[in-house]
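J.: with the sequence up front, the predicted model follows.
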Amino acid sequence: MDENNVLMRIQGLTTNFHTYAGVVHAVDDMTLTVPKDSVVGIVGESGSGKSVTMMSVMRLIPNPPGRIEGGHVWFDGAALGMPDRMEKDGPNKGMVDLLSLSAESMMKVRGRHIAMIFQDPMVSLNPVLTIGLQLTESMVVHGLATKEGAWKRAVDMLALVGIPKPEERMRDYPHQYSGGMRQRVMIAMALSCSPELVIADEPTTSLDVTVQAQILELMKELKAKLKSSIIIISHDLSIVAGIADKVVVMYAGRILEEADVYDLYEKPGHPYTVGLMKSVPRLDAENRERLVPIEGSPPDLLAPPVGCKFAPRCKYAMNICREQEPPLVTVGQGHRARCFLHHPTAPAVPGFVKVE
Amino acid sequence: MGVQTAWRFKEGSTPEAGSFAPALKGSEELQQVAGRPTTYWSDAIRRIRRNKPAVVGFWIIIALFIVAIVGPMVSPYTYEDQDLSNTFQSPTLQHPFGTDQLGRDQMTRVMYGARISLAVGIVCAALNFLIGVTYGGISAYFGGRVDDIMMRIVDILYGIPTLIIVILLTVLFKDRGVNPLVNVFIAIGLTYWLPMARIVRGEILSLKEREFALAAKTIGAPNNRILFRHLIPNAMGPIIVTVTLEVPSAIFTEAFLSYIGLGVSAPVASWGVLASDGTEAIRSFPYLVLFPALAICLTMFAFNFLGDGLRDALDPRLRQ
């Protein structure tokens, strides 16, 4: 990947929750690169650490009990406009570590440079404030526009996300909008400051299927128009497939596989990814394939397995998988997988390439 | 049941060639929203209107304000004008509430007393908003140790009876030219925001966990903005109810303090002072205590009925 083209690079991010029962390793040594002008999909079951990773990036982990224990979140310093905080040299030249910023500087990043879209638009909008007020808020807070200017831009944004009669609807309250329209408003809110990165945390999960498609279509359309990068979190591979350039599969707080969207679907490099794909229905299935669920449930993060976190549920698990955790190995162009099956001495499994 | 053999249309209409042309849908039709639902407040007003005691209470309070402001201005008497040739008059047309032992017009004095009572009510409401809401909000929003310390202070203040604070203040400020009314204000100021702080804290504690609070954080809004702009407006229902129930209690406290001689003193007329003076002559001239006592009762009832009505109207669980 072109080094100048990196918008955000998460490096060794570790977030733990210190609970009464013990330490929960919600995100462990997470590494992820988000190129400029791209869509990265993060897929995983509930509790795999997708959302915690993104909340760590935003530095909105409730503390206590949560704590970011280590790692860096490098963000393009030129975009942030913080030349004095930029790394002078090394692989992260020109980047700023978000985790090292003061709380005040971080506040200036949120909403302005990184915005978020939440899962449930029914509860993410403030019920007692008008849509107009909420839409203009981030522009006003970040001093990007006067009240009048922000109002005008908010009307434009509403029109852009497909709300009819935007001027009238600015004065409405959230309960006067339908679920799909509220999610459109959330998208308009997130994009109002033209952030470099938009994190969409399961943006379509709580919507009807027909509305889901509209929202995804809208996000694709706006991405092309506004040149923001998007990280889309989902537990649904098919949603990610439709919109992402690059997909990351997470499990038990770590990345199991990372690949371009076509590579991932054509030659998945991890038994978990294979399992995920077999467990969702496909329209292009040749004959009437049965859906195969992944046996078992995700590990208890209070006491995760010693070796590969997926080993207890993996039908290919070998002895070594139970003893130590495999590293993320490169198995192809921009394709990394955390699995010992790629080792030359491992038994051959169709579709899995061997790397030294 | 015969089989339908031909197309039947609505009576009087015959389809023409154009009827079967494709209908073009405008973008507005694609995003239709079912009729405008009522807002929170219009809904609340609708419900409180059906509550008769609350409506009556509301109009009594309005009337009280008008009488308190306009009454003493249009009255031919003042609260301190003595007319020693006309003492202890029974109610007449000139003096509808009679006159007291110094020949002062009782009606004017009662109307003037309303000013003091309402001033106490307004000060109480203002302090509730300024101190109570802010204090409770900050305590809950920042949580943790801040919350612990702030709430322990509230607990301690709660433990001190209002009466003791006022007596101490009266002794402290005696003969120093401090208006006794100020004593009452300070006493009320020190104690009457406490229930409000607790109620707001409880509300904010649950509101701050709501998704929209997190959403406000993700747009980079500073803490004070999230607290005052996003959270507290959501707690407005309970806040208003608490104020309407606190105000009569503060008014009553003032009347009580004046009655036992710790509040305002002669010649200023507050309802408590009037009732106190009236009791001395209760056997011979019962109307002297009757009217101020009635005024106190009426005010208590009005505020409490309104407060009850507001509580019912603003409770989202009772929405129909």
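T.: Arrived safely, thanks for sending. Numbering: from 1, shown residues only, chains lettered A, B, ... in the order given.

J.: so where is the stretch 201-320 of chain B shaky, pLDDT-wise?
T.: Across the stretch 201-320 of chain B, the ranges flagged by pLDDT under 70 are B:266, B:315-320.

J.: mind listing the helices for the chain?
T.: Let's take chain A. For chain A, applying DSSP state H gives helices covering A:50-58, A:77-80, A:103-109, A:121-124, A:131-141, A:147-160, A:166-169, A:179-191, A:209-226, A:237-243, A:261-266, A:271-278, A:319-323.

J.: switch to chain B, that's the one I care about
T.: All helices of chain B, identified by DSSP H, fall at B:27-30, B:40-49, B:52-74, B:106-127, B:134-142, B:144-159, B:162-173, B:180-191, B:194-207, B:211-218, B:223-225, B:236-259, B:271-280, B:287-314.

J.: roughly how far does the residue nearest the centre of chain B sit from residue B:251?
T.: Geometric centre of chain B, nearest residue: residue B:244, 2.8 Å, by CA atoms, centre = their mean. Taking CB to CB, to the nearest Å as the measure, residue B:244 falls 12 Å from residue B:251. Glycine gets a C-beta too; all of them are placed from N, C-alpha and C.

J.: what sits in contact with each of these two?
T.: Taking CB atoms under 8 Å, 6 or more residues apart in numbering or on different chains as the contact rule, residue B:244 and residue B:251 both touch residue B:303.

J.: which bits of the stretch 101-250 of chain A sit near chain B?
T.: A:107-112, A:115-116, A:118, A:120, A:123-129, A:137-138, A:141-142, A:162-165, A:173, A:175-178, A:181, A:186, A:189 (CB under 8 Å from any CB of the partner chain).

J.: mind listing what residue B:195 touches?
T.: B:132, B:242, B:246.

J.: of these, closest to residue B:44?
T.: residue B:242 (15.5 Å; CB to CB).

J.: mind checking pLDDT for residue B:17?
T.: Note on residue B:17: pLDDT of 72.

J.: neighbours of it, how many?
T.: 6 (other CB atoms under 10 Å in any protein chain shown).

J.: quick one: find the helix or strand in chain A with the lowest mean pLDDT.
T.: In chain A, the helix or strand scored least confidently by mean pLDDT, DSSP states H and E is helix A:77-80, which has a mean of 79.

J.: may I see the buried residues of that one?
T.: A:77, A:79, A:80 (16 or more other CB atoms under 10 Å in any protein chain shown).

J.: now for that helix, which elements pack on it?
T.: Helix A:77-80 sits against strand A:95-97, with contacts defined as 3 or more CB pairs under 8 Å, 6 or more residues apart in numbering or on different chains; DSSP states H and E.

J.: packing partners for the strand it packs on?
T.: Short answer (3+ CB pairs under 8 Å, 6+ apart): strand A:95-97 packs on strand A:66-76, helix A:77-80.

J.: most tightly surrounded among these?
T.: strand A:66-76 (a mean of 20; mean count of other CB atoms under 10 Å in any protein chain shown).

J.: what's the angle between it and helix A:50-58?
T.: Going by axes from the mean of the first three to the mean of the last three CA atoms, to 10 degrees, strand A:66-76 is angled at 60 degrees with respect to helix A:50-58.

J.: what's the burial count for residue A:12?
T.: A count of nearby residues for residue A:12, using other CB under 10 Å, gives 12.

J.: correct me, but it touches residue A:28?
T.: No. The criterion here is CB atoms under 8 Å, and residue A:12 misses it with residue A:28 at 9.3 Å.

J.: in the stretch 151-300 of chain A, which residue sits nearest chain B?
T.: Nearest residue of the stretch 151-300 of chain A to chain B, counting by CB to the nearest CB: residue A:164, 4.7 Å away.

J.: can you report how many residues neighbour that residue?
T.: A count of neighbours around residue A:164, defined by other CB under 10 Å, yields 17.

J.: how close does it sit to residue A:330?
T.: From residue A:164 to residue A:330 the distance is 49 Å (CB to CB).

J.: how about residue A:216?
T.: 30 Å.

J.: the two: who's more crowded?
T.: Comparing residue A:216 with residue A:330 by other CB under 10 Å, the one with more neighbours is residue A:216, at 19 against 13.

J.: picking up where we left off before, need the helices of chain A in JSON lines (columns: distance to residue B:107).
T.: Compiled in JSON lines, the helices of chain A are given as follows (distance: least, CB to CB, whole Å):
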{"stretch": "helix A:50-58", "distance to residue B:107": "66"}
{"stretch": "helix A:77-80", "distance to residue B:107": "72"}
{"stretch": "helix A:103-109", "distance to residue B:107": "60"}
{"stretch": "helix A:121-124", "distance to residue B:107": "56"}
{"stretch": "helix A:131-141", "distance to residue B:107": "49"}
{"stretch": "helix A:147-160", "distance to residue B:107": "51"}
{"stretch": "helix A:166-169", "distance to residue B:107": "53"}
{"stretch": "helix A:179-191", "distance to residue B:107": "58"}
{"stretch": "helix A:209-226", "distance to residue B:107": "67"}
{"stretch": "helix A:237-243", "distance to residue B:107": "76"}
{"stretch": "helix A:261-266", "distance to residue B:107": "85"}
{"stretch": "helix A:271-278", "distance to residue B:107": "84"}
{"stretch": "helix A:319-323", "distance to residue B:107": "94"}
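
J.: mean pLDDT lowest where, among those helices?
T.: Taking the mean pLDDT of these, helix A:77-80 comes last: a mean of 79.

J.: can you list contacts of it?
T.: With CB under 8 Å, 6+ apart, helix A:77-80 has contacts from A:7, A:83, A:85, A:86, A:87, A:94, A:95, A:96, A:109, A:113, A:196.

J.: the first one reaches residue A:73, doesn't it?
T.: No. Counting by CB under 8 Å, residue A:7 does not reach residue A:73; the two are 11.4 Å apart.

J.: what is in contact with the two at once?
T.: Between them, residue A:7 and residue A:73 share no contacting residue, judged by CB under 8 Å, 6+ apart.

J.: ok, residue B:247 touching residue B:121?
T.: Yes. Counting by CB under 8 Å, residue B:247 does reach residue B:121; the two are 4.4 Å apart.
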